[in-house]
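Q: for reference, the sequence and a predicted model appear below.
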Amino acid sequence: MTGSILFQAIMFLAGAILCVSIAKRFGLSSVIGYLLAGVLIGPYVLGFIGNEGDDILHFAEFGVVMMLFLIGLEIEPKNFWKMRKTIIGMGGLQVGATMLLAYLLFIALGFDGKVALVVSMAVALSSTAIAMQTIKEKGLMDTTFGNSAFSILLFQDIIVIFMLGFIPLLANSEQTSSENSHSESFSLIQDLPVAYQTIAIILSVVLIVVAGNYLIVPMLRKVSKTGVRELLIAAALLIVFGISFLMEFVGISPALGAFLGGVVLSNSEFKHELESTLEPFKNLLLGLFFMAVGASINFIVIANNPLTIIGTLFVIILLKALILFITGSVFKLKLDQKLMLTFSLAQVGEFAFVLLSFAFGLNILGQDQMDMLLVITALSMSLTPIITMINERLILPKIGTKESIKRPMDHIAKSQKIILVGFGHFGSTVGRFLRSHGVEATILDQDSNRVDFLRKMGFEVYYGDATRIDLLESAGIAEAKIIICATNRLSVSKAISKIVKEKYPHVDLMIRTKNRYDAYELLNMGHEKVYRESLDTSLLLARDVLSKMGYRKYTLNTQLQNFRKYDEESLKRLAQEPKRDEKYIFKVKEELKQQEKFLNDDLKRGVVDFDNHWDSESMKEALKDKK
Amino acid sequence: MKRVLVLFAHPKFEKSNVNKALIDEINGLENVTVHDLYEEYPDFHIDINREKQLLENHDIIIWHHPFYWYSCPPLMKQWIDLVLEFNWAYGPQGDALNGKICLNTITTGGSKEMYCSEGNNSFTIRQFLRPFEQTAVLCGMIYYPPFTVMGTHKIKEEKLLVAKEKYSKILNLLQDGLSLNEFDNSAFLNEIPQLNS
């Protein structure tokens, strides 16, 4: 029964839906949910998916492949150039130092030099999949930590290419028999001498670059001309699968090929089309990948050698964390950002699977060494979300409190009765406008690097997590009149609104929301003052378009204000409706019709058909009567 | 008791002691609605339907504003242009305001002596207010003489006190049904004999 593909698919999907919902319910990252689902349905707990775990991992790797393709798409070469210092600096330091220490460690543990080298390479790489997924989920991409993590991961993703090129050179001179290869895929160049293999790899990389420019983009243009949307999806998948196949053909990681393909296509006009097309596939396949990692944790290997494995796992994580912490220090990250970086990248990543299997295929590694290292990799990935959670819930709050209390309290008390949460692009505009009118706000922000920078610029900024009631209290919420939530994280706004409602109902809460759906949620929690960041700017743009189309600017200004008013009113009405069902759509349609009618009436208002009435007989008659 | 709507327009209210005193005096009086146009419509985007509703709900309409360049501040003019619509305020079917009482409350920097044929401004206040008068008449309203506080640049504390007391007293008299032919031809409401009784 367990052999049926349908049954397996059902198990995967059901496991994902169940575990991820539960994880989200408890405020955990979805990655934990997927990993847990994998462990549960895996061969060692419920056994719903048997020994096919390997196959599934292989298939699920497409999630990683697509993620790297998408990361590649986001890196336009010129952006890459801009970030080169952090990428090469931080990434180089982290990879280099980790490799060196790990190499020495494994040599000390009595490993063969070549083995130690391969293992140290694998250990130096972190999991892009887990780290990026968590960073994006928490909306931390534009923090110092997010940037540093991204740079380091990017460096790793690139350096893997060289590692994969280098490993064949370590292979024992006798040719490896192909029956040793774990992979079912065939590789044409496997039997070639090492030098030719290296050439083949380089050639295929060149091929991707050339094909990207002269084959793929023209093909996409043709396909997009047909106007059939499925064809573009097919084309996007074809690109990813095609590159992966080519890469597997020459025996290097498909993920790297995809990354390269992404970079090549990042300058093309199809960048965003490809991005949005592949995004849903990526997320689901990444989920599958995480589940496969969970399922591949071999509890038998662990049971046979628990102490060695747990010990090695512990030492590796510690080692990586140490190097990351030092890297953060060298690049002058504040303590909290540094800790986040340390804990979120301390795992061994998915590329370890690739590197280790590759080295195993080349007979560099033995079966038992590989088994052990794979288990360690999977375990370290599974532990990451838990470690970051511990960091977030137990360690960071303590640091936060310390930093915000370090400043004298009377300073906070002196400041005005406004608390401004979040000093990013949105909050800083609000803060600057207030300040230029002599109104100071007590600013709270969670990025301590930004806090530091702003303090230097003379803003009164405090570091800390504003969802904590003690921080809000030390910022003077009891005497405050207004709290402005300028953060773009709905979870933060919701947490603050809950505190305000329960304990400080006298405080006026003004909340920035990203969009209509976030606004609905807050309106339904009983908050009237919701400011959609997407509203005003889009109206300004539409106004300018109509102005170019020949409408008078004054008319448009008036109409813009009308639109705003009607939209705010309809937003409040629609907030009551359950979202995304038939009734909601019907209601929205009605509201839109109504709005358009009102706007049309407004446009016509004041233009009277009988403009000559100032002179007409009826006018004179009417006046005579009234006098 | 008649209901009074004070349509107040002052773009620099923060700077005006006189108007602040006047508004403070009448704000909160029974059946008096003070409607601060620059506060309600900072972007000059007047909600016409709401304004019409307000007008319909009141019996006495007061245009309260400083005298700027012999006229009202721009938002007040905008209000007149937009709210007093054809066939609502005037025109064959325009009888919404019929029979209501209308007047101006104005503050001027220049003294009363400046506003006469011999003064620097050549014309009297009543002459300058003709457009408002005719607007009211065209809408079928009964136009009353203005209530004025003049020479605000040099006004003394005591005089201001008198002025603001007069303002609320006049509102009371109007609410009780003071009629036009009781005025004894006074050019300003400040001068009507009833104030001294």
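A: On my side now, so go ahead.
Q: distance from the chain centre to the biggest helix by length in chain B, please.
A: When chain B is scanned for its longest helix (criterion: DSSP state H), the result is helix B:157-175. Centroid separation between helix B:157-175 and its chain, computed with CA atoms, centre = their mean, to the nearest Å, is 14 Å.
Q: ok, now which ones touch the closest residue to chain A within chain B?
A: Closest contact between chain B and chain A, by CB to the nearest CB, is at B:H45 (4.2 Å). (C-beta placed from N, C-alpha, C; glycine too.) By CB atoms under 8 Å, 6 or more residues apart in numbering or on different chains, the residues touching B:H45 are A:558, A:561-562.
Q: A:I159 now?
A: The contact partners of A:I159, by CB under 8 Å, 6+ apart, come to A:91, A:95, A:125.
Q: quick one: contacts of the longest helix of chain B?
A: B:1-4, B:17-18, B:21-22, B:24-26, B:29, B:31-32, B:60, B:101, B:105, B:144, B:147, B:149, B:155, B:189-190, B:192, B:194-195.
Q: redo that, cut-off 6 Å
A: B:1-2, B:4, B:21-22, B:25-26, B:60, B:147, B:149, B:189-190, B:194 (CB atoms under 6 Å, 6 or more residues apart in numbering or on different chains).
Q: give me the pLDDT for A:N612.
A: pLDDT recorded at A:N612 is 58.
Q: enumerate every residue touching A:I477.
A: Listed by CB under 6 Å, 6+ apart, the contact set of A:I477 reads A:Y504.
Q: that one in helix, strand or coil?
A: coil (DSSP: H, G, I helix; E, B strand; the rest coil).
Q: span of stretch A:572-588 from start to end?
A: End-to-end distance for stretch A:572-588, by CA to CA, to the nearest Å: 12 Å.
Q: any idea how far A:E279 lies from A:G63?
A: Distance of A:E279 to A:G63, computed by CB to CB, to the nearest Å: 12 Å.
Q: so which of the contacts of A:I159 is the closest to chain B?
A: Nearest to chain B among the contacts of A:I159 is A:G91, at 50.8 Å by CB to the nearest CB.
Q: how about the residues of the stretch 401-550 of chain A that lie near chain B?
A: Neighbours of chain B within the stretch 401-550 of chain A, by CB under 6 Å from any CB of the partner chain: none found.
Q: how about A:N449, what does it touch?
A: Neighbouring residues of A:N449 by CB under 6 Å, 6+ apart: A:144, A:334, A:337.
Q: what sits closest to it if chain neighbours are left out?
A: Excluding the flanking residues, the one nearest A:N449 by CB to CB, 6 or more residues apart in numbering or on different chains is A:T144, at 4.0 Å.
Q: not counting the host helix or strand of A:I386 itself, show me its contacts.
A: Using DSSP states H and E, A:I386 sits within helix A:367-390. Contacts with helix A:367-390, where a contact means CB under 6 Å, 6+ apart, come from A:29, A:31-32, A:35, A:127, A:130, A:293, A:296-298, A:301-302, A:312-313, A:317, A:343-344, A:347-348, A:352, A:356, A:360.
Q: out of the residues you listed, which sit inside helices?
A: In helices, judged by DSSP H, the following of the contacts of helix A:367-390 are found: A:31-32, A:35, A:130, A:293, A:301-302, A:312-313, A:317, A:343-344, A:352, A:356, A:360.
Q: before we move on, back to that, of A:E279 and A:G63, which one has the most company?
A: Neighbours per residue, other CB atoms under 10 Å in any protein chain shown: of A:E279 and A:G63, the larger number sits with A:G63, 24 against 12.
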